[in-house]
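**Student:** Predicted model and sequence below, questions to follow.
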Amino acid sequence: MSDRRHEWISKRAYAIWEEHGRPHGRDDEHWRQAVAERNALERTKASADGREVLVKFRPKQPRPEMPRQDWVNPSTKVG
């Protein structure tokens, strides 16, 4: 692995660790994610900072739960 590639992955893994709240014992997971991001960056014609690739790997925010459709009994008349 080239020095530049290793340095990029190292910095990205550190940034991921910080984004996740600096958890203990998940360094391998963060390193693998950084490697995956770097590989995706190298396979594409991404910009130098790779922002469009990083967005792809960002964890998705949970969607708010929609109310169930059957919570109202349609046969019940109001009024």
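**Tutor:** The structure has been received and is ready for your questions.
**Student:** For I16, give its distance to R43.
**Tutor:** Between I16 and R43 the computed distance is 19 Å (CB to CB, to the nearest Å). Using the backbone N, CA and C atoms, a C-beta is placed for each residue, glycine as well.
**Student:** oh, I was asking about A36
**Tutor:** Distance from A36 to R43, by CB to CB: 11 Å.
**Student:** more neighbours, those two?
**Tutor:** A36 (14 against 9; other CB atoms under 10 Å).
**Student:** could I get the helix or strand encompassing I16 in PDB with only the CA atoms?
**Tutor:** According to DSSP states H and E, I16 maps onto helix 3-19. Output of helix 3-19 as PDB, limited to C-alpha atoms (Å, rounded to 0.1, in the frame of the first residue of the first chain):
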ATOM      1  CA  ASP A   3       2.200   5.900   1.800                       C
ATOM      2  CA  ARG A   4      -0.400   8.400   0.500                       C
ATOM      3  CA  ARG A   5      -3.100   5.800   0.300                       C
ATOM      4  CA  HIS A   6      -2.300   4.500   3.800                       C
ATOM      5  CA  GLU A   7      -2.300   8.100   5.200                       C
ATOM      6  CA  TRP A   8      -5.700   8.800   3.600                       C
ATOM      7  CA  ILE A   9      -7.200   5.600   5.000                       C
ATOM      8  CA  SER A  10      -5.700   6.300   8.400                       C
ATOM      9  CA  LYS A  11      -7.100   9.800   8.500                       C
ATOM     10  CA  ARG A  12     -10.500   8.700   7.300                       C
ATOM     11  CA  ALA A  13     -10.700   5.800   9.800                       C
ATOM     12  CA  TYR A  14      -9.900   8.300  12.600                       C
ATOM     13  CA  ALA A  15     -12.700  10.700  11.300                       C
ATOM     14  CA  ILE A  16     -15.200   7.800  11.200                       C
ATOM     15  CA  TRP A  17     -14.200   6.900  14.800                       C
ATOM     16  CA  GLU A  18     -14.800  10.500  15.900                       C
ATOM     17  CA  GLU A  19     -18.200  10.700  14.000                       C
END
